[in-house]
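Chemist: predicted structure and sequence below. I'll ask about it afterward.
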There are 2 protein chains.
Amino acid sequence: MVMPAETSAPPRRDPKSIETAVRELAARFGNRVVTSRAVREQHANTVTWIENQPPDAVVFPQSSEEVQDIVRICAQNRVPIIPFGTGTSLEGHVNAPFGGVSIDVRDMNKVLAVHAEDLDCVIQPGITRKALNEYLRDQGVFFPIDPGADASLGGMAATRCSGTNAVRYGTMKDNVLSLKVVLPNGELMTTARRAKKSSAGYDLTRLMVGSEGTLGVITELTLKLAGIPEAISGGICPFPSVDACCNAAILTIQSGIPIARIELLDALQVRAVNLYSKLTLRETPMLFLEFHGTEAGVAEQSERFGEIAKELGGGPFEWTTRPEERTKLWEARHNAAFATFTLRPGSSMIPTDVCVPISRLAECVAETQRDIAESNLIAPIVGHVGDGNFHLTLLIDRDDPAEVANAKAFGERLVERALAMDGTCTGEHGVGQGKMKYLLSEHGPAALAAMRSIKQAFDPLGIMNPGKIVPLS
Amino acid sequence: MVMPAETSAPPRRDPKSIETAVRELAARFGNRVVTSRAVREQHANTVTWIENQPPDAVVFPQSSEEVQDIVRICAQNRVPIIPFGTGTSLEGHVNAPFGGVSIDVRDMNKVLAVHAEDLDCVIQPGITRKALNEYLRDQGVFFPIDPGADASLGGMAATRCSGTNAVRYGTMKDNVLSLKVVLPNGELMTTARRAKKSSAGYDLTRLMVGSEGTLGVITELTLKLAGIPEAISGGICPFPSVDACCNAAILTIQSGIPIARIELLDALQVRAVNLYSKLTLRETPMLFLEFHGTEAGVAEQSERFGEIAKELGGGPFEWTTRPEERTKLWEARHNAAFATFTLRPGSSMIPTDVCVPISRLAECVAETQRDIAESNLIAPIVGHVGDGNFHLTLLIDRDDPAEVANAKAFGERLVERALAMDGTCTGEHGVGQGKMKYLLSEHGPAALAAMRSIKQAFDPLGIMNPGKIVPLS
């Protein structure tokens, strides 16, 4: 893999070029180009400890053709482009470290087609997952991927996100059939046909999913849909240890139970939930579960899970198929993120995630809990245990440099621990700016060089979301 | 996408370079370098009407390191490399149009690890799917992808193949967790960790799956496994028309029945099967089905399918969970390929496949059957209807130029028809040499330029399986 020295080097921040580009954009898009400080700051990352690096302008296009025009103007002036969905990413994906133009696809939020017989739909990138499912509900189908935020589908594809039911329905890589992408040269590329499978050439769809706007701007998505299950059962099951929770997940999957959701809350997270939701759950590790299928099927699955839990010293597993009761049971899980604040009111939340082979999950969580205790940190854990993926939310005082340094050092150990177990530095949050430094140790020099050469091939000017994913040479 | 004029231009066939490379290989690998005409011809394509284009030598490496040495020697001499598994691909993938060295991974056929808790295994590329499943059987797990041939897993990944149960278990793109790949510069790249999901950078795994040896040589695979189902039910269901078969498939999938296999045989294929297997099946379109789950689950699924079939004028649906009876029922399907010969003894089989959105499948098959009749061809149809994918086997006299031309023109119309329905020129056979000419109309100029730029980035010397997938400029 030959890498020229200037590969993907970011354009220097040239105020004159930016001024020219913004003037040309304003001439083309009028008041859909915004340069106010407040709007620019809203469009840069603010969720984590990564500093806010606002773009120079924000544009609100309404079509693929308009995105092509924006990209062409930026390319001519060598000005960075930062695609923007809802801004709910967690690793600085939408920051503008070299300035440039944020392309906010908010107004490109239409459902273009629903093909119920094919179980797919064609949408614009700005629609959020909740809005899409609202739209689909009457047709008996839904889009299953559910990250914590009500993110845009374009952003979800760009970050290869997943959520609580990836164990059953997969991640974005498994649920995008095709994309339209405006490439850094302004050309519009379609990555695949609408056929369910194909062996016709390189998998451009999967290359774009997870590329975080560094190879192009997604302007249309064809997504797989799932039928709304005839019956859903759900429930909570306490366990004596995280280890027992993980073993229950392993046995459940091994025995072929097609579980839809299997979510771990550690004891600290359960305490937070109790405090927040005024509940009296036992403060012990707990699994939240959901089964999708026929009436008879979900009953059988639930009973079988109950037996597995009992064998492992867990239970009782209380489950129900009634929607209102399920909602109540799951409320605690849904409120987990907000609930963490109750553990340290006034603190800042720093979320992070790693993912390991499921056989190593219990060990990884246990070591991490020890590390949290030894580091005097507060960090409840929530895990998508069916995937070996877990999150923790560090509650810190961002104004205390010692505490920030302590938390950062902990975060590095967390990633090293996951990598040592054949895991990844991020299961679903993505690389952005925050995890670039781990890619070399995760992937090794040959794979990283391959990623760089792809970036160079697609974006020789280095204008597409520079400073993300691939470390600059 | 800037494409230099000489992009991936194949090395001219330079006898002196080849001689040097073969001499260096012989010095390194001794009698594991073979240059006999018979062995070289065995290693070039012979299944279709594409002419046999043998490599100049065949090497049999035993490790990733040895593959690296071979690639380095070839790269130094600018000699083409053609990775070889079992040679069962159907579109000339293993042909050597510019000569060069075939790397036969036959001896790299070990299972390196089975992680039962994680439902994955690590293998070398030369092991075949049947040998792998034989090895795994005692551990209660299996690898589900089943192309017609007993292909090598390396070849299956390289061609992004699938088979009869992709509707339930996905294709190779869904079942490869990670690959080790020797890149054209001789470096060894690992595409991903063993974690079940990751958002850490570009999806190199999926880029390699389906790249047909044009970006590197696969030397190790980490594969997802599935638990052997507790119960399997299967059966055959006749229908009045192909249209009714397709509608049954659509309704089955829409209603959430997790069907494992749903295979169409058209009336002509059923006749071939009757002739070959001395059966008396009704010569009408037929679905062959299989359901995986618990005892109660497969019974419920089978009954529900029976109701759907009845509504559509099909049936009776005869099903059983007894292995010996299932095997008997499925025998006809398994023998379908061989059975076609009975329709025209002494002829040559030319297999091909396309894939369309399932809502268009009935229409596509019906138009294709009309075309077959009007073209005076004999071509029974078998379809993986759950995916919208169907195969047909043209039975022709390869020594009759008019007949060959007629069949080729038919093949072009078949692809055009599939593309017009938002389908693909190949659902699972791959591009190889045979379908290169369709990629531009399938993907459009921007996507094809993107594929070319990837090829150029990975293989600037154009030595990796040249003359496949990406048309040369």
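Modeler: Received it, and whenever you're ready, just let me know what you need. Everything quoted here is computed from the prediction, not taken from an experiment.

Chemist: buried residues, the worst-scoring helix or strand of chain A on mean pLDDT. List them.
Modeler: Using mean pLDDT, DSSP states H and E, helix A:323-334 stands out as the lowest-scoring helix or strand of chain A, at a mean of 81. Using 16 or more other C-beta atoms under 10 Å in any protein chain shown as the test for burial, helix A:323-334 gives A:326, A:329, A:330, A:332, A:333. Bear in mind the C-beta positions are built from the backbone N, C-alpha and C, glycine included.

Chemist: how close does the first one sit to residue A:253?
Modeler: Taking C-beta to C-beta, to the nearest Å as the criterion, residue A:326 is separated from residue A:253 by 22 Å.

Chemist: what's the residue nearest in space to the middle of chain A in contact with, if anything?
Modeler: By C-alpha atoms, centre = their mean, chain A has its centre lying nearest to residue A:161, at 3.3 Å. When contacts are counted by C-beta atoms under 8 Å, 6 or more residues apart in numbering or on different chains, residue A:161 is found next to A:145, A:147, A:151, A:155, A:171, A:172, A:428, A:429, A:430, B:199.

Chemist: what is the burial count for the last one?
Modeler: Around residue B:199 sit 29 other residues, with neighbours defined as other C-beta atoms under 10 Å in any protein chain shown.

Chemist: quick one: end-to-end distance for stretch A:192-202.
Modeler: 10 Å (C-alpha to C-alpha, to the nearest Å).

Chemist: is that stretch up against chain B anywhere?
Modeler: Yes: using C-beta under 8 Å from any C-beta of the partner chain, stretch A:192-202 reaches chain B at A:192, A:193, A:194, A:195, A:196, A:197, A:198, A:199, A:200, A:201, A:202.

Chemist: mind picking the two most distant members of the buried residues of helix A:323-334?
Modeler: The span of the buried residues of helix A:323-334, defined through C-beta to C-beta, is set by A:326 and A:332 at 12.0 Å.

Chemist: and stretch A:259-276, how far out from the chain middle?
Modeler: 20 Å (C-alpha atoms, centre = their mean, to the nearest Å).

Chemist: repeat for stretch A:87-105
Modeler: With C-alpha atoms, centre = their mean, you get 15 Å for stretch A:87-105.

Chemist: just the terminal-to-terminal distance for that stretch.
Modeler: 11 Å.

Chemist: give me the buried positions along it.
Modeler: A:87-105.

Chemist: so does that stretch get close to chain B?
Modeler: No: using C-beta under 8 Å from any C-beta, stretch A:87-105 never reaches chain B; the gap is at least 9.1 Å.

Chemist: and that stretch, what's its mean pLDDT?
Modeler: Across stretch A:87-105, the average pLDDT comes to 96.

Chemist: again, but for stretch A:251-261
Modeler: Stretch A:251-261 comes out with an average pLDDT of 94.

Chemist: cool, and stretch A:411-423?
Modeler: Mean predicted confidence for stretch A:411-423 is 98.

Chemist: what of stretch A:358-373?
Modeler: So the average pLDDT for stretch A:358-373 ends up being 97.

Chemist: that stretch close to chain B?
Modeler: Yes: Stretch A:358-373 lies within reach of chain B by C-beta under 8 Å from any C-beta, at A:358, A:359.

Chemist: got it, and stretch A:446-458?
Modeler: Yes: residues of stretch A:446-458 are located near chain B by C-beta under 8 Å from any C-beta, namely A:446, A:447, A:449, A:450, A:451, A:453, A:454, A:456, A:457, A:458.

Chemist: for the second one, which non-adjacent residue is spatially closest?
Modeler: Leaving aside its chain neighbours, residue A:447 sits nearest to residue B:189 (4.9 Å; criterion: C-beta to C-beta, 6 or more residues apart in numbering or on different chains).

Chemist: tell me what that neighbour is bridged to.
Modeler: In this entry, residue B:189 is beta-bridged to residue B:181, by DSSP bridges.

Chemist: re earlier: who wins for most neighbours among the residues of stretch A:446-458 next to chain B?
Modeler: residue A:450 (28 neighbours).

Chemist: from what I can see that one touches residue B:204, true?
Modeler: Yes: using C-beta atoms under 8 Å, residue A:450 is in contact with residue B:204, at 6.0 Å.

Chemist: just list the residues touching residue A:296, thanks.
Modeler: B:296, B:300.

Chemist: pLDDT score assigned to the residue nearest to residue A:447?
Modeler: At residue B:189, pLDDT is 98.

Chemist: also residue A:282?
Modeler: For residue A:282, the model assigns a pLDDT of 93.

Chemist: what of residue A:3?
Modeler: Reported pLDDT for residue A:3: 32.

Chemist: near chain B, which residues of the stretch 351-473 of chain A?
Modeler: So the stretch 351-473 of chain A meets chain B at A:355-359, A:387-389, A:418-419, A:422-431, A:435, A:438-439, A:442-447, A:449-451, A:453-454, A:456-458, A:460, A:469-470 (C-beta under 8 Å from any C-beta).

Chemist: domain parsing for chain A?
Modeler: Chain A breaks down by automatic domain parsing into domains covering A:15-106+A:437-458, A:111-227, A:231-337, A:339-430.

Chemist: now those domains as JSON lines including distance to residue B:134?
Modeler: Formatted as JSON lines, the domains of chain A follow (distance: least, C-beta to C-beta, whole Å):
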{"stretch": "domain A:15-106+A:437-458", "distance to residue B:134": "32"}
{"stretch": "domain A:111-227", "distance to residue B:134": "26"}
{"stretch": "domain A:231-337", "distance to residue B:134": "20"}
{"stretch": "domain A:339-430", "distance to residue B:134": "24"}
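
Chemist: just name the most buried of those.
Modeler: Stretch with highest mean neighbour count among these: domain A:111-227 (a mean of 23; mean count of other C-beta atoms under 10 Å in any protein chain shown).

Chemist: secondary structure class of residue A:447, three-state.
Modeler: At residue A:447 the chain is in helix, as set by DSSP: H, G, I helix; E, B strand; the rest coil.

Chemist: nope, residue A:392 is what I was after
Modeler: Residue A:392 - assigned by three-state DSSP - is strand.

Chemist: gap between it and residue A:379?
Modeler: From residue A:392 to residue A:379 the distance is 5 Å (C-beta to C-beta).

Chemist: where do the contact lists of the two overlap?
Modeler: residue A:372.

Chemist: low-confidence regions, chain A specifically.
Modeler: Low-confidence segments of chain A (pLDDT under 70): A:1-12, A:46, A:471-473.

Chemist: ok so residue A:351 is a strand residue?
Modeler: Yes: assessed by three-state DSSP, residue A:351 belongs to a strand.

Chemist: which neighbouring elements make contact with the helix or strand harbouring residue A:456?
Modeler: Residue A:456 belongs to helix A:439-458 when assigned by DSSP states H and E. For helix A:439-458, the packing partners by 3 or more C-beta pairs under 8 Å, 6 or more residues apart in numbering or on different chains; DSSP states H and E come out as helix A:401-420, strand B:188-190, helix B:204-208, helix B:439-458.

Chemist: that one to helix B:439-458, inter-axis angle?
Modeler: 130 degrees (axes from the mean of the first three to the mean of the last three C-alpha atoms, to 10 degrees).

Chemist: keeping just the C-alphas, turn helix A:439-458 into CSV.
Modeler: The C-alpha trace of helix A:439-458 is given here as CSV (Å, rounded to 0.1, in the frame of the first residue of the first chain):
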residue,chain,number,x,y,z
LEU,A,439,-7.0,2.2,15.3
LEU,A,440,-3.4,1.3,14.8
SER,A,441,-3.3,-1.0,17.8
GLU,A,442,-6.7,-2.4,16.9
HIS,A,443,-6.2,-3.0,13.2
GLY,A,444,-2.4,-3.1,12.7
PRO,A,445,-0.3,-1.2,10.2
ALA,A,446,-1.4,-3.1,7.0
ALA,A,447,-5.1,-2.6,7.7
LEU,A,448,-4.6,1.0,8.7
ALA,A,449,-2.6,1.7,5.5
ALA,A,450,-5.4,0.0,3.5
MET,A,451,-8.0,2.4,5.1
ARG,A,452,-5.7,5.4,4.3
SER,A,453,-5.3,4.3,0.7
ILE,A,454,-9.1,4.1,0.4
LYS,A,455,-9.5,7.6,1.9
GLN,A,456,-6.9,8.8,-0.5
ALA,A,457,-8.5,7.2,-3.5
PHE,A,458,-12.0,8.6,-2.7
